[in-house]
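S.K.: with the sequence up front, the predicted model follows.
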Amino acid sequence: MATASPAPHSPPKLVDGVPNGHPGTGARGGDVDDGIPIVDFDVLVNGTADQRSQAVWDLGRACEDWGFFMVINHGVPEDLKKELVEACKELFGLPEEEKAEHLEAEPMAPIRIGSGFYAVVDGARYLRNYLKMFAHPELHCPAKPAKLRDISAEYSAKTRDMLQQLATAISESLGLEGGRMSEALNLDSCFQILVGNHYPQHTGPGDLGVGLPAHSDHGLLTLLFQDGVDGLQVEHDGQWVLAKPLPGAFFVIAGDQLEIVSNGRYKAAIHRAVIGSEQERMSFVSMISPSMDTVVAPVPELAQEGKGLEFRGVKYRDYMAYQQSNKLEAKEALNIARMQLHGDTNGRVEHH
Ligand SMILES: O=C(O)CCC(=O)C(=O)O
Ligand SMILES: [Fe+2]
């Protein structure tokens, strides 16, 4: 299934199909030597000046080469992750009537419980149940199970703090001041979303089902952990790589807003979720983005000589609404921000 190196607009094959075999089949990796970069958060934050600058450099390479990496020594307690898993399991197990007000809510609703990606456009054909909650600046949480609110509040605060610190280091890795990216994106008042994903076992023909097709995330940075069952694959050099975490590690996925703000230096990573027939699977996402009202544009200092800026400014609310209301198709949503597709020589922009 190896394909030639992908051009920015052409994601690897297998956008919807999955290879036969267990979740590792058809995807390279799944062992310790798969090359997925590892970032030691503790060194990044508390290391000596030398250690820090090495860690920032490594982080930059991870963003440039993969847009995807593991974070170890992150300080988010394992118990909190377990509690979140349990609370989400309870939610998915509740009778429909207890969740009715949030079921199949529209794309920008602060609480959404549903199946597939956006059932209105994808017909819920993916093997996935989800809970999406706006977590910051205000936490929106279903009333049941009652414990979900406190757990989500704590989890969102801890992971938000961590992601903001990562954003500072990523800014430095781009050769900017640590605070530059946060300032450009107004990250002090960031928007955050939590997503719980449940993938029931695949029962159809073939050994694997698609939980989520190939896509990039609409935000700036996505933090993800799973409940022990593999199934996340990331596209790297035109191949799918099975993402197997080190014990306790998080995955970080570069999102579309990072690609825009870095003027294409750091690409949003294409990833997907597959599910086998033996075990169900859960994963949890904590994503930070600029506030809804922020117009996200490349940091001007990152304009490339002769090429200028690759992206125009798009208000994050509009971007998210577009991405969440349409079929999930690789990095299609990013096209609404591409200068070459929307700009003209007079500097006017067309709206999608
Ligand atoms: O379940 C996974 O591992 C991937 C989830 C994901 O990509 C998402 O929620 O955007
Ligand atoms: Fe994703």
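M.R.: That came through, no problem. Ligands and ions are numbered 1, 2, ... in the order given.
S.K.: can you tell me how far L166 is from D40?
M.R.: Applying C-beta to C-beta, to the nearest Å, the value for L166 to D40 is 12 Å. Any C-beta I mention is one placed from the backbone N, CA and C, and that applies to glycine too.
S.K.: what sits in contact with each of those two?
M.R.: Common neighbours of L166 and D40, counting by C-beta atoms under 8 Å, 6 or more residues apart in numbering, are V71.
S.K.: those two: which is more packed in?
M.R.: In terms of neighbours (other C-beta atoms under 10 Å), L166 is the more surrounded of L166 and D40; the figures are 24 against 18.
S.K.: give the buried residues for the strand or helix carrying the more buried one.
M.R.: L166 is part of helix 148-173, with elements assigned from DSSP states H and E. Across helix 148-173, burial judged by 16 or more other C-beta atoms under 10 Å covers 148-149, 151-152, 155-156, 158-160, 162-164, 166-173.
S.K.: now E259. Nearest residue, chain neighbours left out?
M.R.: A268 (4.5 Å; C-beta to C-beta, 6 or more residues apart in numbering).
S.K.: repeat that for R149.
M.R.: Among residues not flanking R149 along the chain, C141 sits closest, at 4.5 Å (C-beta to C-beta, 6+ apart).
S.K.: my read is that the one you found contacts L131, right?
M.R.: No: with contact defined as C-beta atoms under 8 Å, C141 does not reach L131; the gap is 9.4 Å.
S.K.: least trustworthy helix or strand in this protein by mean pLDDT?
M.R.: Lowest on mean pLDDT, DSSP states H and E among the helices and strands of the chain sits strand 28-29, with a mean of 59.
S.K.: partners of the following helix or strand past that one in the sheet?
M.R.: The first helix or strand that comes after strand 28-29 along the chain, using DSSP H and E, is strand 38-40. Strand 38-40 has the following strand partners under DSSP bridges: strand 68-72 (parallel).
S.K.: anything in the partner strand near ligand 1?
M.R.: No: on the criterion C-beta under 6 Å from any ligand atom, strand 68-72 is out of touch with ligand 1, staying 11.0 Å away.
S.K.: alpha carbons of that strand, as CSV, please.
M.R.: Only the C-alpha atoms of strand 68-72 are listed here, as CSV (Å, rounded to 0.1, in the frame of the first residue of the first chain):
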residue,chain,number,x,y,z
PHE,A,68,2.8,14.1,14.9
PHE,A,69,4.7,13.1,18.0
MET,A,70,4.4,11.4,21.4
VAL,A,71,4.7,13.4,24.6
ILE,A,72,6.2,11.7,27.7
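S.K.: now that strand: mean pLDDT?
M.R.: For strand 68-72, the mean pLDDT works out to 98.
S.K.: buried set for the next helix or strand after that strand?
M.R.: Remark: after strand 68-72, the chain's next helix or strand is helix 78-93, criterion DSSP H and E. For helix 78-93, a neighbour-count test (16+ other C-beta under 10 Å) marks 81, 83-85, 87-88, 91-92 as buried.
S.K.: go on, stretch 292-299?
M.R.: The neighbour-count check on stretch 292-299 (16+ other C-beta under 10 Å) flags 292, 294, 296-299 as buried.
S.K.: so can I have a markdown table of those showing pLDDT?
M.R.: Formatted as a markdown table, the buried residues of stretch 292-299 follow (pLDDT from 0 to 100):
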| residue | pLDDT |
| --- | --- |
| M292 | 97 |
| T294 | 97 |
| V296 | 98 |
| A297 | 97 |
| P298 | 97 |
| V299 | 97 |
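S.K.: among the residues you listed, which are in strands?
M.R.: Among those, the ones falling in strands (DSSP state E) are V296.
S.K.: give the residues shared as contacts by C141 and L131.
M.R.: Counting by C-beta under 8 Å, 6+ apart, the common neighbours of C141 and L131 are I111.
S.K.: tally up the residues packed near G35, please.
M.R.: Neighbours of G35 under the rule other C-beta under 10 Å: 12.
S.K.: do S115 as well
M.R.: The burial count for S115: 19, using other C-beta under 10 Å.
S.K.: great, nothing more from me.
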